[in-house]
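Asker: What shape does this take:
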Amino acid sequence: MNTHNLIVDFGKYNGELWTRVPLNYLQWLVNQKENIQGMEKNKEIALAEIERRGTKLRSDVEITPHAIDKASIRVRNIWHETSLPDEGIYTWLSRVASEAIKEKGNNEKIKYLGIKFVFKLGNNYPILKTVMPVTRLKQITN
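Answerer: Coordinates of the predicted model:
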């Protein structure tokens with residue numbers, strides 16, 4: 001599919017050329033599981049534009065800013081105990097979330113390394129929404 005002169009006809013980039021839409025938006029659109037009427041064609045165009053750019057779709061995990069923020073507060077000690085040398089919180093969180101999925105399966109809620117990971121499952125890759133320590137969960141339910 002040639003995306004060169006196609007114009008976005010919905011949402012945030014309405015009226016823009018598909019060739020000028022940011023990559024993260026194209027990836028977000030392609031990853032949506034919801035089948036909204038008329039959006040399948042837009043997903044096809046977004047995928048064609050990603051391919052035109054020579055970009056690969058993610059195959060691991062998208063980390064939301066909320067998940068990074070909560071990880072830095074809620075599971076900071078686990079990060080320090082399990083991180084590799086010079087591994088920042090984003091890189092660490094991406095690594096352990098991917099490990100959790102590989103070990104426990106592609107589920108919305110996974111307990112791994114003393115952390116409860118909460119994902120939103122997309123078409124192509126999961127999105128990490130938040131994290132919390134497993135011990136905190138026990139305290140809340142008692």
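Asker: for the lengthiest helix in the chain, which positions count as buried?
Answerer: Taking residue count as the measure and DSSP state H as the definition, the longest helix of the chain comes out as helix 89-104. Taking 16 or more other C-beta atoms under 10 Å as the basis for neighbour counts, the residues of helix 89-104 that come out buried are 89, 92, 93, 94, 95, 96, 97, 98, 100, 101. For glycine as for every other residue, the C-beta is placed from the backbone atoms N, C-alpha and C.
Asker: Distance-wise, check the fourth one relative to residue 126.
Answerer: Noted for residue 94: a distance of 12 Å to residue 126, by C-beta to C-beta, to the nearest Å.
Asker: same thing with the fifth one?
Answerer: Summarising the geometry, the distance separating residue 95 from residue 126, computed by C-beta to C-beta, is 14 Å.
Asker: So in this protein, where's the weakest helix or strand by average pLDDT?
Answerer: With mean pLDDT, DSSP states H and E as the measure, the helix or strand of the chain carrying the lowest mean pLDDT is helix 134-141 (a mean of 59).
Asker: what's near enough to touch the most centrally placed residue in the chain?
Answerer: Closest residue to the average C-alpha location of the chain: residue 62 at 2.2 Å, with C-alpha atoms, centre = their mean. Residue 62 makes contact with 31, 122, 125, 126, 127, 128, according to C-beta atoms under 8 Å, 6 or more residues apart in numbering.
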